[in-house]
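A.B. asks: A structural model of the following input is requested.
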Amino acid sequence: MAMDQHKLRTLVFEKTGVKIDIDDPVFALVALNEAVLEDAVERHVAAIDSATRELVRRARDAGGLPPERSVEHDASNELELATSTSTASRAAAAPAPAPIPTQAAANGITRHEWRLLAAAAGVAVLSALLVLGGQAAFTKPGLTPAQTRSLQEAERLKTAINQLDPKLRTAIEAQLPK
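C.D. replies: A predicted model of the protein is given here:
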């Protein structure tokens, strides 16, 4: 998987308007990213192959696939066989496996499952409380500049009213609540 540096260069310019040179160190990072991605893909493909082999083995054990014909068959051949064979011919070749009864199906929810459910609910509630507590602790209830100016003006008016003649002050205070 070789990268086309000219194509990447054009793409970066089209999206950001930034011109980069072919010798720019950013291409070293792109190459490093490709190498890391390739390694991760190889590991995931290996894990998928392993899981496919296990799935084929379990399907064969349950009777969903015909028995293995030779030792040389691997999981990918079996998967090909399983996907290429029609559903009707597979059903005719092997009977469908009986469902496996489980304790939960027979008795409803078990005590262990109830405990797990209660623990999960407790963790959810504690997490919500932690988030709300953190928000309350780190959020400052601030006033807008207009609110601050209004409060300052109210303080000045209060001071001015307190300095007025007592008779006039009572008349003004009587008019304020209206």
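
A.B. asks: Please tell me how far residue 136 sits from residue 130.
C.D. replies: Distance, residue 136 to residue 130, using Cβ to Cβ, to the nearest Å: 11 Å. C-betas here are computed from N, CA, C, even on glycine.

A.B. asks: Please apply the same query to residue 166.
C.D. replies: On the measure of Cβ to Cβ, residue 166 and residue 130 end up 56 Å apart.

A.B. asks: So residue 65, which state does it fall into?
C.D. replies: Three-state call for residue 65 (DSSP: H, G, I helix; E, B strand; the rest coil): coil.

A.B. asks: Check it and give its pLDDT.
C.D. replies: At residue 65, the pLDDT value in this model is 72.

A.B. asks: could you say what helices and strands the biggest helix by length in the chain packs with?
C.D. replies: Ranked by residue count and defined by DSSP state H, the top helix of the chain is helix 26-62. Helices and strands touching helix 26-62, as assessed by 3 or more Cβ pairs under 8 Å, 6 or more residues apart in numbering; DSSP states H and E, comprise helix 5-16, helix 75-84.

A.B. asks: got the domain boundaries for this structure?
C.D. replies: Following automatic domain parsing, one finds the domains of the chain at 5-99, 143-178.

A.B. asks: Least reliable of those domains by average pLDDT, please.
C.D. replies: Among those, domain 5-99 scores lowest, at a mean of 74.

A.B. asks: So residue 166 and residue 130 - more neighbours on which side?
C.D. replies: residue 130 (10 against 7; other Cβ atoms under 10 Å).

A.B. asks: Need phi/psi at residue 19.
C.D. replies: Per-residue torsions, residue 19: phi -90, psi 130 (degrees, to the nearest 10).

A.B. asks: scratch that, residue 161 is what I was asking about
C.D. replies: According to degrees, to the nearest 10, residue 161 has phi -60, psi -40.

A.B. asks: Neighbours of it, how many?
C.D. replies: Using other Cβ under 10 Å, residue 161 is surrounded by 13 other residues.

A.B. asks: Ok, residue 8 next?
C.D. replies: Neighbour count of residue 8, defined by other Cβ under 10 Å: 15.

A.B. asks: nearest residue to it other than its sequence neighbours?
C.D. replies: With sequence-adjacent residues excluded and distances taken as Cβ to Cβ, 6 or more residues apart in numbering, residue 8 is closest to residue 30, at 6.8 Å.
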